[in-house]
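>>> next one to model:
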Amino acid sequence: MDELFNLLSSSTRIDKTKRKKKNQPSKLVPNVVPFNNNNINAEDDDSDIEINNPKNHSASKLAHIHKEQVAAFRRRMRIQIRKNSESPPDPICSFDEISLPPWWENKILNNKQMVGTFHAIKASITRNIEMGKWINPTPIQMQALPSLLHRRDTLGCAPTGSGKSGAFIIPILFLATAEEKIFYAIPENENEGEENTMSKKKKKRKREENEKSSAKSSTNRQGHIRSLILAPSRELAQQLHRELERLGEGKVNGLRTALLSKSNTSVVSTLGGKAGLDVLVTTPLRLVDVMENSEKGIDLSRVRIVVLDEADRLLDASDGSNKNIKNRAHNEDSHNTRGESSGSTSFGKTFLEQIDTILSAVPDTAVRSLFSATIGSSVRQLAESILRNPIDITISAAPGSTIANPDIEQKLVFVGKEEGKLLAIRQIIQKGISPPVIIFLQSKDRAQALFSELLYDGVNVDVIHAGRTQGARDTAVTKFRKGETWVLICTDLVARGVDFKAVNMVINYDLPESGVTYVHRIGRTGRAGRKGEAITLYTEADFEHIGTIANVMKLSGCTDIPAWVLNAKKKKMIVPPKRARIRTTLKEDKDKKKKRKKRKKNKPNPE
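Below you'll find the model as predicted:
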């Protein structure tokens, strides 16, 4: 762990000896936002608290009552706040409870126009939320949304399909809109003592000069990037950009966003025009490419909030290492369209090194937030070194569980040898499937082979992996989203974060490398409260690794797992086992066919 910590530069790390003093909640960040007591169930554990006559209680007693009510609500919503999180704001119970942040309100208390702008932004976002058929905020949104609006660094861990994207996109829409003098707490008059001695005319002239200079600076913000969202793959970045534009549609003053890609890296400094960019969505590789290329150039000194989606992947110091690169799903946002690599992911840097480069260029005033469905102890330790006084939020998927989505019915199917997998897939299809269905394999070669087999069987199928061109991958994803393709075969390229609506079944043709990969794979189904099914095929070669998957299933609430599987050794899969090729014809039959062709070829011509 010390080696991982040392990989982060001093400008990225937070000095723990200064953290408490430097990051202590200021007067701009109050402890709580208004909490709706009507949402507290009378049957909660703390229902014996007397709240009928608040006038009979002292201020301290009322504060204690309120604190117990909030704690009861969090327990009911399975919102867990780590003890080291200081003064977290109250969760919201509905999107209507999004309130004007105190750091915004306190600086513009007399500016009705800016207050009106906030409520206009809120109205447009609420309208877009309703159009997306979001009824109430999910647990992660209830707590993370007010935390980020209060400009608190946040670490969010919630099951797949639980609305993590909305938990940081909605606050971004507000933070990127605030005027610079509000966000950076720039006083309207630099010398307040001198103003007290000014005459009314001089005060009026001074205010007019400040307004003119403020207006001039606000109209000349070309190259400014106010929000930054980082994702590990291009597909996930595209999805986040689409959701960002959907939630920000019709926003007052407009919304200037960009998805960094090969086509616009050369003009990134001019994106957004004179007003600059409100939000830039990108992968670390693309951003580092621009930062290290002096001709392209990019300025991150005005970033107000930076979000790491799928943070456990982005803080993975082993990603791209030589020993794993051939067996790991390569970072798909690569200059090499074949998805192959001779070393590390980007420019010889791992994801962690890329993130270190980016965070070193982001100002200290920026809010930092990390989100993922799986955050282990090593990621938490790294997060502690780059987050300042964070609010650590974990949403329990089920009582006693923080692993996988309980809405997913999980099954293990033993198929004997490798040849049994193809037979099992055909039996599942023959019995009848309810599309859309996703099938995961461990490599692009195996994915392409299974695609050929099912295509020959007449199945409405497509495939996406690093071996296909970016255009072909985009087309495959689009057809699958539209329902034109029923079965999508893929590698772990789309295992993280990518949201396919209403996927009914996920099949693990090949055993995942780890429990984390398993959670993300099956998380493509059972999203947004829907039910889903996940089937994992395993062979004799998987016996020493199946215990890890079975343990995740048990923690997720599955009860029909064979005892011997649960008791199997939980050995980490360093390198996936070498598997037989996916083909219908047995090797012996193919050898016989080759021999017949050879004999026929060598047979002398009767003429």
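
>>> so residue 394 sits right up against residue 80, yeah?
Yes: the pair residue 394 and residue 80 qualifies as a contact (Cβ atoms under 8 Å) at a distance of 4.4 Å. (Each C-beta comes from the backbone N, C-alpha and C, glycine too.)

>>> low-confidence ranges in the stretch 101-250 of the chain?
Where the stretch 101-250 of the chain drops to pLDDT under 70, the residues are 105-113, 185-220.

>>> who has more neighbours, residue 394 and residue 80?
Shown here are residue 394 and residue 80; by other Cβ atoms under 10 Å, residue 394 has more neighbours (19 against 16).

>>> chain center to the helix or strand encompassing residue 481, what's the gap?
Assigned by DSSP states H and E, residue 481 belongs to helix 470-482. Helix 470-482 sits 21 Å away from the centroid of its parent chain (Cα atoms, centre = their mean, to the nearest Å).

>>> list the buried ones in stretch 237-255?
Residues 237-241, 243-245, 247-248, 251, 255 are the ones in stretch 237-255 that count as buried (16 or more other Cβ atoms under 10 Å).

>>> can you give me how far it is from the chain middle?
Per Cα atoms, centre = their mean, the centroid offset for stretch 237-255 relative to its chain is 16 Å.

>>> that one: end-to-end distance?
Here the two ends of stretch 237-255 are set 17 Å apart, with distance taken as Cα to Cα, to the nearest Å.

>>> same thing with stretch 263-279?
18 Å.

>>> and what of stretch 88-98?
Terminal residues of stretch 88-98 lie 15 Å apart, using Cα to Cα.

>>> average pLDDT for it?
Stretch 88-98 shows a mean pLDDT of 93.

>>> how far off centre is it?
In terms of Cα atoms, centre = their mean, the centre of stretch 88-98 is found 21 Å from the chain centre.

>>> same deal with stretch 451-466?
Averaging C-alpha positions (Cα atoms, centre = their mean) puts stretch 451-466 29 Å from its chain's average.

>>> what's it in contact with?
Here stretch 451-466 makes contact (Cβ atoms under 8 Å, 6 or more residues apart in numbering) with 329-330, 332, 334, 338-340, 422, 425-426, 429, 435, 444, 447-448, 450, 472-473, 476-477, 479-480, 484-491, 493-494, 582-584.

>>> show the buried residues in those.
Applying 16+ other Cβ under 10 Å to the contacts of stretch 451-466 flags 329-330, 332, 334, 339, 422, 425, 429, 435, 444, 447-448, 450, 473, 476-477, 480, 485-491, 493-494, 582 as buried.

>>> of those, which belong to strands?
Counted as lying in strands by DSSP state E, out of those, are 487-490.

>>> so residue 89 sits against residue 145, correct?
No: contact criterion Cβ under 8 Å: residue 89 and residue 145 do not qualify, at 9.4 Å.

>>> who has more neighbours out of those two?
Legend: neighbour count by other Cβ under 10 Å for residue 89 and residue 145, higher for residue 145 (27 against 24).

>>> which SS class is the more buried one?
Look at residue 145: counting by DSSP: H, G, I helix; E, B strand; the rest coil, its state is helix.

>>> go ahead and confirm it touches residue 171.
Yes: counting by Cβ under 8 Å, residue 171 is a contact partner of residue 145 at 5.9 Å.

>>> and residue 353, what pLDDT?
Residue 353 is assigned a pLDDT of 88 by the prediction.

>>> residue 97: neighbour count?
The burial count for residue 97: 18, using other Cβ under 10 Å.

>>> separation between it and residue 142?
For residue 97, the distance to residue 142 equals 9 Å [Cβ to Cβ, to the nearest Å].

>>> what does residue 452 give?
Distance from residue 452 to residue 142, counting by Cβ to Cβ: 47 Å.

>>> so which of the two has more stuff around it?
Taking other Cβ under 10 Å, residue 452 and residue 142 do not tie; residue 142 has more neighbours (26 against 16).

>>> check contacts around that one.
So residue 142 contacts 77, 79, 91-93 (Cβ under 8 Å, 6+ apart).

>>> filter the residues you listed down to just the ones in strands.
Using DSSP E, the contacts of residue 142 in strands are residue 79.

>>> redo the contacts of residue 142 as a markdown table? Include neighbour count.
Listed next are the contacts of residue 142 as a markdown table, based on neighbours: other Cβ atoms under 10 Å:
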| residue | neighbour count |
| --- | --- |
| 77 | 19 |
| 79 | 22 |
| 91 | 27 |
| 92 | 23 |
| 93 | 18 |
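
>>> just put the contacts of residue 142 in JSON lines and tack on distance to residue 385.
Shown next, in JSON lines, are the contacts of residue 142 (distance: Cβ to Cβ, whole Å):
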{"residue": "77", "distance to residue 385": "29"}
{"residue": "79", "distance to residue 385": "25"}
{"residue": "91", "distance to residue 385": "27"}
{"residue": "92", "distance to residue 385": "30"}
{"residue": "93", "distance to residue 385": "34"}
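
>>> out of the contacts of residue 142, which comes closest to residue 557?
Closest approach to residue 557 among the contacts of residue 142 (Cβ to Cβ): residue 77, at 18.1 Å.

>>> domains in this structure, by residue range?
Split into domains by automatic domain parsing, the chain comes to 2-189+221-395, 408-588.

>>> can you say which helix or strand has residue 64 in it?
For residue 64, the host element (DSSP H and E) is helix 59-77.

>>> could you name the helices and strands sitting against that helix?
Counting contacts by 3 or more Cβ pairs under 8 Å, 6 or more residues apart in numbering; DSSP states H and E, helix 59-77 packs against helix 139-149.

>>> now do the helix it packs on and helix 59-77, the angle between them.
Put simply, helix 139-149 runs at 140 degrees to helix 59-77, going by axes from the mean of the first three to the mean of the last three Cα atoms, to 10 degrees.

>>> what's the spacing between helix 139-149 and its chain's center?
14 Å.

>>> and if you look at stretch 223-235?
Mean C-alpha position of stretch 223-235 versus that of the full chain (Cα atoms, centre = their mean) differs by 12 Å.

>>> how many neighbours does residue 565 have?
Residues lying near residue 565 (other Cβ under 10 Å) number 18.

>>> can you pull out the strands in the chain?
Using DSSP E, the strands found in the chain span residues 79-81, 154-157, 227-230, 257-259, 279-282, 305-309, 367-372, 391-395, 408-414, 437-440, 461-464, 487-490, 505-508, 532-538.

>>> for residue 96, which non-adjacent residue is spatially closest?
Nearest residue to residue 96, sequence neighbours excluded (Cβ to Cβ, 6 or more residues apart in numbering): residue 126, at 7.1 Å.

>>> relative to residue 95, how far out is the one you found?
6 Å.

>>> what does residue 553 give?
34 Å.

>>> residue 94 - nearest residue in space that isn't next to it in sequence?
Once flanking residues are discounted, residue 94 sits nearest to residue 136: 5.9 Å by Cβ to Cβ, 6+ apart.

>>> again with residue 119
Going by Cβ to Cβ, 6+ apart, residue 119 has residue 100 as its nearest residue, at 7.7 Å.

>>> what's around the spatially closest residue to residue 98 that is not a sequence neighbour, how many residues?
Distance criterion Cβ to Cβ, 6+ apart; nearest residue to residue 98, sequence neighbours excluded, is residue 122 at 5.7 Å. Around residue 122 there are 20 other residues, counting by other Cβ under 10 Å.

>>> test my guess that residue 122 contacts residue 101.
No: here residue 122 does not reach residue 101: they are 11.3 Å apart, not a contact under Cβ under 8 Å.

>>> pLDDT at residue 50, what is it?
So, for residue 50, pLDDT stands at 49.

>>> hmm, I was thinking of residue 379
Here the pLDDT value assigned to residue 379 is 86.

>>> so it touches residue 315, yeah?
Yes: look at residue 379 against residue 315 with Cβ under 8 Å: they come within range, at 5.3 Å.
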